[in-house]
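Peer 1: Structure for the following, please:
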Amino acid sequence: MKNRLRNQVKYIFTNFREVITYMSTNSNETIFEQIMEGGYILYLRHGETEDTHESNVDLTKCETQRNLNANGRRQAEIVGEILKIQKLPIEFPVLTSPYCRTRETGEIAFDAQNIQINNDLGRIDYLERDVSTPEEQTIKDNLIKLFQTLPLQGKNKVFIAHSAFGGIPYMGMVVIKPGSAGRTYEVVTKVDYEEIRQWPNF
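Peer 2: A predicted model of the protein is given here:
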């Protein structure tokens, strides 16, 4: 029984593939202090969206997509204000996926002039599964390189995209340490929206 369980655990982690290493979850305050020193990628999921189904998505037309609702816009506004008030060291531009909900989240939180679209972030799901075409492999390779790239000294990179890394709630954050050993990156912890709202207390 123990061997079977051990093999199941081994299977889960070896098949999660890429070079993502989950580390022990630190306290919210400790994570905040570490982020203030810079050197991380802060991967944010967009704010809450309308309860609609996407079909025949056209990335140039927001009306074909699932977009932010009023609460999602408020979430983006609050997170943006917290990061500004706390003077979190951020390397601009902030990268977003091409979807309207991620772009709008970024524009509300960080202002439109500080946002840059990265098309590869629209396929963040490629990091967690096998791909079947050369085009998909190129996107996956680009994403891996993106998460391996160190931010400027004393700064943090910010990416805004979609649920990934095992699932992220709306406006939640994954804290990632890039470039470990020059070939990998580490998922340090996840911080949900309510935990981010506690940061002004630190």
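Peer 1: what's the helix or strand containing Ala109 packed up against?
Peer 2: Element membership for Ala109, per DSSP states H and E: helix 100-110. On a contact count with 3 or more CB pairs under 8 Å, 6 or more residues apart in numbering; DSSP states H and E, helix 100-110 meets helix 70-85, strand 94-96, strand 115-117, strand 157-161. C-beta here means a position set from N, CA and C on the backbone, and glycine is covered the same way.
Peer 1: contacts for the last one?
Peer 2: Read it as strand 157-161. 40-46, 90-91, 94-97, 102, 105-106, 109-110, 118, 121-122, 124, 146, 149, 151, 178 (CB atoms under 8 Å, 6 or more residues apart in numbering).
Peer 1: Quick one: buried ones out of those residues?
Peer 2: Of the members of the contacts of strand 157-161, the ones counted as buried by neighbours, 16 or more other CB atoms under 10 Å, are 40-46, 90-91, 94-97, 102, 105-106, 109-110, 118, 121-122, 124, 146, 151, 178.
Peer 1: Centroid-nearest residue for the protein?
Peer 2: When the chain is reduced to its mean C-alpha position, the nearest residue by CA atoms, centre = their mean turns out to be Tyr43, at 2.3 Å.
Peer 1: how near is that one to Ser97?
Peer 2: 11 Å (CB to CB, to the nearest Å).
Peer 1: Give the bridge partners for the residue lying closest to Lys177 once chain neighbours are set aside, please.
Peer 2: Excluding its sequence neighbours, the residue lying closest to Lys177 (CB to CB, 6 or more residues apart in numbering) is Glu186, at 4.4 Å. With DSSP bridges as the criterion, the beta-bridge partners of Glu186 are Thr21, Lys177.
Peer 1: pretty sure the residue nearest to the centre of the chain belongs to a strand, no?
Peer 2: Yes - according to DSSP: H, G, I helix; E, B strand; the rest coil, Tyr43 belongs to a strand.
Peer 1: Now do the same contact list for it.
Peer 2: Contacts were defined as CB under 8 Å, 6+ apart; by that measure Tyr43 touches 159, 161, 164-165, 168, 173-176.
Peer 1: now Arg103
Peer 2: Arg103 makes contact with 96-97, 115, 117, according to CB under 8 Å, 6+ apart.
Peer 1: any idea of the pLDDT on it?
Peer 2: Arg103 is assigned a predicted lDDT (pLDDT) of 99.
Peer 1: deepest of the helices and strands packed on helix 100-110, which one?
Peer 2: Among the helices and strands packed on helix 100-110, judged by mean count of other CB atoms under 10 Å, the one packed with the most neighbours on average is strand 157-161 (a mean of 26).
Peer 1: and that one, average pLDDT?
Peer 2: In this model, strand 157-161 has a mean pLDDT of 99.
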